[in-house]
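Asks: mind looking at a prediction? Sequence and model below.
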Amino acid sequence: MSEFMRPIPFKDLMNWALEEYKNEGSIFGIKKEKFYKNESGKMLKTVFGDEISSAVGPAAGPQSQLAQNILASYLAGARFIELKTVQKLDGVDIQKAVAKPCINSEDECYNCEWSTELTVKEAYNEYVKAYFAIIALAKELNISDKKDFAYNMSVGYDLEGIKSEKIDTYIENLRNAKDTEVFKECKLYLEENIDKFSKFDKKDLEKISTNICDSITLSTLHGCPAEEIEKIASYLIDEKKISTFIKCNPTMLGYEYARKTLDDMGFDYISFTDFHFKDDLQYEDAVVMIERLLDLAKKNDLAFGVKLTNTFPVDVKRNELPAEEMYMSGRALLPLTISMAAMLSEKFDGKLPMSYSGGADARNIKEIFEALGQPITVATTILKPGGYLRFNQLAKETEDLLSDKLHDVDVEKTVKLRDKIINEWVNNKLYREKVGSRKTNSTLPLTDCYKAPCKDGGCPIQQQIPEYLQLVAECEYDKAIEVIAMDNTAPTILGKLCAHYCQDHCTRVDYEKSLQIRDMKLIAADKAQDKFVENIKESEIKSDKKVLVIGAGPGGIAVASYLRRNGMDVTVREKLSKPYGIVSHVIPKFRISDEQIERDYQIAVKQGVKFVFDSEVTESYEELKKDYDYIIAATGAWEKGRSPVKEGSENILDALDFLWDVRMNGKANVGKKVAVVGAGDVAMDCTRTAARLDGVESVALVYRRTEAYMPATQEEVNDVKEEGHKIYELVAPYSYDGKVLKCEKMELGEFDESGRRSINSTGEKLDLEFDTVIGATGARVDTSAFKENNINLDDWGNVKTTENYETNIDNVYVIGDCRAGASTIVKAMGEAKAVCLDILAKENLENDFEKFEVKEQNKIIFEKRGRLQEKIQGKNEGYRCLKCNQICEMCTEVCPNRANVAIKVDGFENLHQIIHLDGMCNECGNCGFYCPHAGRPYKDKLTVFWTKEDFDDSTNTGFLKDGNKYLVRLENGKVIETENLDDLSENMQKLIKAIEENYAYYIKPSEILNS
């Protein structure tokens, strides 16, 4: 595909908008239910003199580059449109300079783009087209009877360029567009097509002002000298007579402040040096410059202020983007930008007008607006799922605060807000948990691509999560536990202890916080599991083959339960005296009780699984095969892990031994001062368990890296912190003599290929006194039985198996921790499910893994899109689910250019199919980060091409229509030219016919461009 965008002619833009609205009830994907209308009648007066009906809008960036982007912004709630920056370098020259993909907004956002990728003339045309479209459609759709929005132009980057004829013409034509070709074209179209409108009429058309924009924001490159910035601003104010804001860089805060602030908030991995802090505009120089420019603006009866802030230059260290340097925005920029606002508001006693842009979203926008009182622009939040729809909530959050009276910045509120933002946990990196990408490994299909990543790719046992969340929310607990138990043999245990990979993949992570899926499972179990167990009926035996499971841990019981309920005769032998291994013998009782464990055990018992306890398997597999047709080893990982010290290993208490003693005997003699070395969930359990023992006065956790790299779930780490236990970070023990733990202090080094930072010794030593040191650095597997039975191991000593966990010996399987080392309960159960399905297939038995259909109204799902909603306590948390299995369409939401569209096509499973429009795409790559599959929609979905040049420049499956002919690239990459769609696959035929019959406006621009 081509990364070159093809602007849509105004008549096609309007016809598209009107047709889509008539047929779909949406315009460029913004559904009419999400159109924002100010119902209060309040207006905001800006320092530029504009009166606008909301306080929010897109920052100069991807959402304000094309006409359809600006229109989509307005419809959803944006009223202050900061147009994408123009400069003398434009068009092909800038396109060649920008690496692609150029946006990575997975968490905090990074980009390596800068000014518009269009020519300056094309950019101007886009802004004028959007201007007319907004005015006409706002009236027609009953959004506003008058112009209730404002443009703010953004120009850069040096005085020479801004004085050039190209940029000067751009500025003057926005101030008075009367004689421009595009202004006349837009007006003529509306005049000639006025009969297409029922509310917008000729009087409205004649009232459209030729003054499109009369304010400017100056954007300069990093390193631009103070004198140059002041010269440009003075030129704009004194000679061009235009109200001017200058965009300030967060580097003005100083390196030490920025580094410490980000480090303290968990963003210590963001890499930057002090170069830009020294090279950029300095605070002291900025203050005197601003003072002079305020005076100059006052003399000219114009407005002057600052735009806070520019993006933040950082180093590429983890392959975030294909560039050497990139620019950071979003929630990591938030503390820096609000700090700039506080610093400047104090210095100028609230008299310096500020337009804010830096990490604003629905969580904080109301407080920011209350403090600053001027328009707030956003980019990162609108690049995330929900996309432009988020403007609706942003506008509503601030509507009651709108005022037509100008007021100073509230210094006290700004300073308090800075302190709150920096210290509030919700703004910390780790609030989001240790979640990187939510993507899964599945191939992105051409059609029917909807999936809920929580269950499909996130959950090892494929729990039907959206289904049971809805049932719990609706108090349908009996049905909910039925859905849960279909895939989950231990609802209560996983409701208490699951590693909840599902929550790492929850789409809500990219809104505010993942759904508390595990908690919802436990609610269902507490409400309905006892009744469910009572009603279990033992399945008939359907095969004469017998199965032996060695080990009654979570994995062993899971495979036994799955197989027995599907008609296999299953016996479980366990060397311990009760079921559930680590769960019942090691995990602390304050996390799960014996009664809760028993509740799950009874599921397997009622299903007819035969258990033999106190029965260690000493026979060879060859002997066992005389009585059993299938053998499944699930014996866990019980051996001591590596010692955390090089000297004095004999003085270290093993974590599993310690936890066993406390769980089974209720006590352990560890003295007064205890250290736990490690940072996994077991280490957290040891820390909290030790603190509960009689006589223990203090417990400390010792870890060689920082909290961000702890393998434990953030939830478990937070529990340790909330209980007040000391955590030694960047401390690596090397010796323990029973009294003194000798350590060396570490520092984080460079990033490795996985994105994790190495650690290096600082050379500094640290002696810590402890009565007991517990080593929680992982458990090992006793592989002696595997070796004795000639089971093949790999170079790491792990059991070699097929993808279904079968060993080199036919019908002998190995699952769970004993296969590849200590892992999680749910992963062991996932392997158990795979083994069950493999054995049932061998026995020609059908499995009973039923898929439940629990639908939510599409209207309700769409209402939730684009709206941040914090965690709800109790069963109603389930209502926050976005039902991605029913409607995904993330790629359509996050595309700033509206290049991914959802269309109705008969004959498919999903509500809509996704189509990619090549002419509107610049390969920013944003959709690729949010698609739950491994693919990239802008590369992998059926593509509509508008020009032969773009078709030839692409490898996408798709088509170009030219008259009655189709130039088609098939799924296998072969290119054909045909007049007969019958030459194509059935799926491609359906898609193309649907586009032609119901979405012709997706194709029509090609006729314009090729004419």
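Replies: Here it is on my side, so go on. Numbering: from 1, shown residues only.
Asks: quick one: the helices in the stretch 301-450 of the chain, in order.
Replies: Ranges of helices in the stretch 301-450 of the chain, per DSSP state H, counting those that start in this stretch, are 334-347, 365-372, 390-399, 411-423.
Asks: nearest to K187, of the ones you listed?
Replies: Closest to K187 of those is helix 390-399 (Cβ to Cβ; 27.3 Å). (Each C-beta comes from the backbone N, C-alpha and C, glycine too.)
Asks: and for the closest one, what's in contact with it?
Replies: By Cβ atoms under 8 Å, 6 or more residues apart in numbering, the surrounding residues in contact with helix 390-399 are 34-36, 38-40, 42, 54-57, 73, 76-79, 360-362, 365-366, 369, 376, 378, 381-382, 384, 866-868.
Asks: now the residue located most distally from the centre of the chain, what's its secondary structure?
Replies: Within the chain, K626 marks the point farthest from the mean C-alpha position, 52.9 Å out by Cα atoms, centre = their mean. Here K626 is coil, with the state taken from DSSP: H, G, I helix; E, B strand; the rest coil.
Asks: quick one: which of the helices of the stretch 301-450 of the chain is nearest K22?
Replies: Set against K22 and scored by Cβ to Cβ, these come closest in helix 390-399, at 21.7 Å.
Asks: using CSV, list the CA coordinates for the closest one.
Replies: The C-alpha trace of helix 390-399 is given here as CSV (Å, rounded to 0.1, in the frame of the first residue of the first chain):
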residue,chain,number,x,y,z
ARG,A,390,-14.0,10.0,23.7
PHE,A,391,-14.5,13.7,22.8
ASN,A,392,-18.2,13.3,23.8
GLN,A,393,-17.3,12.5,27.4
LEU,A,394,-14.6,15.1,27.5
ALA,A,395,-17.0,17.8,26.4
LYS,A,396,-19.7,16.7,28.8
GLU,A,397,-17.3,16.7,31.7
THR,A,398,-16.5,20.3,31.2
GLU,A,399,-19.8,21.7,29.9
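Asks: use 43 as the first number from now on
Replies: Got it, first residue is 43 now, which makes that one helix 432-441.
Asks: how is the chain divided into domains?
Replies: What the record gives for the chain is the domain set 79-472, 507-577+897-922, 588-666+827-884, 691-817, 932-1052, from automatic domain parsing.
Asks: so which of those comes closest to K64?
Replies: Comparing the domains of the chain under Cβ to Cβ, the one sitting nearest is domain 79-472, at 10.1 Å.
Asks: start to end distance for the closest one?
Replies: End-to-end distance of domain 79-472 (Cα to Cα, to the nearest Å): 36 Å.
Asks: residue ranges of the helices in the stretch 493-642 of the chain, please?
Replies: Going by DSSP H, counting those that start in this stretch, the stretch 493-642 of the chain shows helices at 507-515, 519-529, 533-539, 543-546, 559-576, 596-607, 623-627, 636-649.
Asks: and the stretch 943-1053 of the chain, by the same measure?
Replies: 968-972, 979-982, 990-994, 1028-1040, 1047-1052.
Asks: dump those helices into JSON lines; add mean neighbour count and mean pLDDT as well.
Replies: Converted to JSON lines, the helices of the stretch 943-1053 of the chain look like this (neighbours: other Cβ atoms under 10 Å; pLDDT from 0 to 100):
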{"stretch": "helix 968-972", "mean neighbour count": "25", "mean pLDDT": "98"}
{"stretch": "helix 979-982", "mean neighbour count": "24", "mean pLDDT": "98"}
{"stretch": "helix 990-994", "mean neighbour count": "17", "mean pLDDT": "95"}
{"stretch": "helix 1028-1040", "mean neighbour count": "17", "mean pLDDT": "97"}
{"stretch": "helix 1047-1052", "mean neighbour count": "16", "mean pLDDT": "53"}
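Asks: now those as JSON lines including distance to S157?
Replies: Shown next, in JSON lines, are the helices of the stretch 943-1053 of the chain (distance: least, Cβ to Cβ, whole Å):
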{"stretch": "helix 968-972", "distance to S157": "18"}
{"stretch": "helix 979-982", "distance to S157": "22"}
{"stretch": "helix 990-994", "distance to S157": "23"}
{"stretch": "helix 1028-1040", "distance to S157": "33"}
{"stretch": "helix 1047-1052", "distance to S157": "24"}
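Asks: can you show me the strands along the stretch 643-792 of the chain?
Replies: Secondary structure of the stretch 643-792 of the chain (DSSP state E, counting those that start in this stretch): strands at 652-654, 672-675, 694-696, 715-719, 740-744, 768-770, 773-778, 782-793.
Asks: tell me the most buried of the ones you listed?
Replies: Stretch with highest mean neighbour count among the strands of the stretch 643-792 of the chain: strand 715-719 (a mean of 27; mean count of other Cβ atoms under 10 Å).
Asks: direction included, what does that one pair against?
Replies: Within its sheet, strand 715-719 is paired with strand 740-744 (parallel), strand 814-817 (parallel), according to DSSP bridges.
Asks: among the ones you listed, which is nearest E885?
Replies: Shortest distance between E885 and the strands paired with strand 715-719, using Cβ to Cβ, is found for strand 814-817: 44.6 Å.
Asks: which is the next helix or strand following that closest one?
Replies: Scanning forward in sequence from strand 814-817 by DSSP states H and E, the next helix or strand is helix 826-830.
Asks: in that following helix, which residues are buried?
Replies: The neighbour-count check on helix 826-830 (16 or more other Cβ atoms under 10 Å) flags 827-828 as buried.
Asks: hmm, back to that, for K481, find the nearest of the domains of the chain.
Replies: Nearest to K481, of all the domains of the chain, is domain 932-1052, at 6.1 Å by Cβ to Cβ.
Asks: check what pLDDT the spatially closest residue to Y622 that is not a sequence neighbour gets.
Replies: What sits nearest to Y622 in space, not counting adjacent residues and going by Cβ to Cβ, 6 or more residues apart in numbering, is I639, at 5.3 Å. Model confidence at I639, given as pLDDT, is 99.
Asks: repeat for D1024
Replies: On the pLDDT scale, D1024 gets 92.
Asks: what about it, how many neighbours?
Replies: Neighbourhood size, D1024 [other Cβ atoms under 10 Å]: 7.
Asks: so how far is N215 from the spatially closest residue to it that is not a sequence neighbour?
Replies: Nearest residue to D1024, sequence neighbours excluded (Cβ to Cβ, 6+ apart): Q1031, at 7.2 Å. Separation of Q1031 from N215 (Cβ to Cβ, to the nearest Å): 47 Å.
Asks: cool, and V718?
Replies: Counting by Cβ to Cβ, the separation of V718 from N215 is 68 Å.
Asks: ok, and what's touching stretch 677-693?
Replies: For stretch 677-693, the external contacting residues (Cβ under 8 Å, 6+ apart) are 592-593, 595, 597-598, 623-624, 694, 696-699, 719-720, 775-780, 783-784, 815, 817-824, 827, 858-860, 863-864.
Asks: how long is it from one end to the other?
Replies: End-to-end distance for stretch 677-693: 28 Å, by Cα to Cα.
Asks: for it, buried residues please.
Replies: Across stretch 677-693, burial judged by 16+ other Cβ under 10 Å covers 677-680, 682-683, 685-687, 690, 693.
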